[in-house]
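Asker: Predicted model and sequence below, questions to follow.
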Amino acid sequence: MAHPRLTIQFCTYNRAALLRRVLRGCFEQTVPDYEVVVVNDGSTDETESVLEEAARIATVAFRYVSHRNRGLARSRNVGLEMARGQRILFIDDDVLPTPNLVEEHLRRAARSPRDIVRGAVILTPSFDRLPAPFWSLRDYSANFFWTSNVSVPAETLIRLGGFNETFCEYGWEDLEFGLRLRRAGLRSHFHRDAVVFHYKAPITAEMVPKMLDQARAQARTAVAFGQLHANWRVPLATGDDPVQRGIDRLFRALGRERRLQRLLEGSAPGVPLSAAQRRAVRGLCRHAYYAELERARALHAAW
């Protein structure tokens, strides 16, 4: 059986509310020669039934697997093992493809078949009221390899060993792989016509504890990232350098966290936070990140 030209591959965790729409976007592409592979990373919501339904109505080759929660790196490797496409297009479970996404990735890849193609990612607070599918500088990301919308030859991914499964918490597993892809001599080409919409829900007070936990997890994986690669790009990406650590330590010592927390007091449940409160949340996440970064670095030094 001939291998399809491309596999759309993504992992999902407790995103059943978005998953139907994302899968529909994956199935409604303008070219026929591709497949869709999904890894359900231990979801506890209705994800399994959504995937079963998708398997019945899929208009292209579609396969999925469900396993216990093992993190993005392991799940992406499972998806890579399942994929048959000559090229792998990574997206996320909160990313809605435009109908010509596969076509545009293949079009750009035809000019540089061995290299990375990065597409445009446009943020949206709703899949029901989408902005125009046109990239602008406000959507720019300088990441060399970012799994919201990126494709790579499958042979290269396999040859380099896939994603590093020591990253079992949130953060940096895609940038770590990108560093290895860069070292292997690949170039990364940005293609503005390969567009996806990335869902970002309005922030409410109920979301803040999870955001803080995610920031702490990202700090722990940042330390692991730095231990794997003695490269200037790592502290540039993670912010793990003496100056930034020192500045954040000073702000925490001056009580900035308490002042930011007071801005969130009395927030009504389910009501989107104000602009000032959103800035406060970003500040709290930054402080949580650097406080955990210091703890993780100290723990590693004690080993």
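Answerer: Structure's in. What do you need?

Asker: mind showing which ranges of this structure have poor pLDDT?
Answerer: Applying pLDDT under 70 to the chain flags residues 1.

Asker: In it, where's the longest helix?
Answerer: When the chain is parsed with DSSP state H, its longest helix is helix 275-302.

Asker: wait, what's in contact with the closest residue to residue 205 other than its chain neighbours?
Answerer: Among residues not flanking residue 205 along the chain, residue 267 sits closest, at 3.8 Å (Cβ to Cβ, 6 or more residues apart in numbering). The way it works is simple: take the backbone N, C-alpha and C, and place the C-beta from them, glycine included. Counting by Cβ atoms under 8 Å, 6 or more residues apart in numbering, residue 267 makes contact with 204, 205, 273, 277.

Asker: Contact partners for the third one?
Answerer: Residue 273 is in contact with 202, 203, 204, 205, 264, 267, 281, counting by Cβ under 8 Å, 6+ apart.

Asker: measure the first one to residue 262 for me?
Answerer: Look at residue 202 and residue 262: by Cβ to Cβ, to the nearest Å, they are 21 Å apart.

Asker: Mind listing what's buried along stretch 125-133?
Answerer: For stretch 125-133, burial by neighbour count (16 or more other Cβ atoms under 10 Å) applies to residue 127.

Asker: now, which of the contacts of residue 267 sits nearest residue 97?
Answerer: residue 204 (27.1 Å; Cβ to Cβ).

Asker: right, and the closest one touches residue 264 too?
Answerer: No. When contacts are counted by Cβ atoms under 8 Å, residue 204 is not listed as touching residue 264 (10.5 Å).

Asker: about what we covered before: of the contacts of residue 273, which pair is most distant in space?
Answerer: 202 and 264 (14.6 Å).

Asker: Mind checking which of those two has more residues around it?
Answerer: Comparing residue 202 with residue 264 by neighbour count (other Cβ atoms under 10 Å), the higher total belongs to residue 264, at 15 against 12.

Asker: The more buried one reaches residue 205, doesn't it?
Answerer: Yes. The criterion here is Cβ under 8 Å, and residue 264 meets it with residue 205 at 6.2 Å.

Asker: Pull out the buried members of the contacts of residue 267.
Answerer: 205, 273, 277.

Asker: Name the nearest of those relative to residue 2.
Answerer: Within these, proximity to residue 2 (Cβ to Cβ) peaks at residue 273, which comes in at 51.1 Å.

Asker: Secondary structure class of that closest one, three-state.
Answerer: Taking DSSP: H, G, I helix; E, B strand; the rest coil as the rule, one finds residue 273 in the coil state.

Asker: Please tell me how far it sits from residue 129.
Answerer: From residue 273 across to residue 129, the span is 20 Å (Cβ to Cβ).

Asker: Tell me how far the closest residue to residue 57 other than its chain neighbours lies from residue 253.
Answerer: Using Cβ to Cβ, 6+ apart and skipping the chain neighbours, the partner closest in space to residue 57 is residue 27 (7.9 Å). The spacing between residue 27 and residue 253, counted by Cβ to Cβ, is 53 Å.
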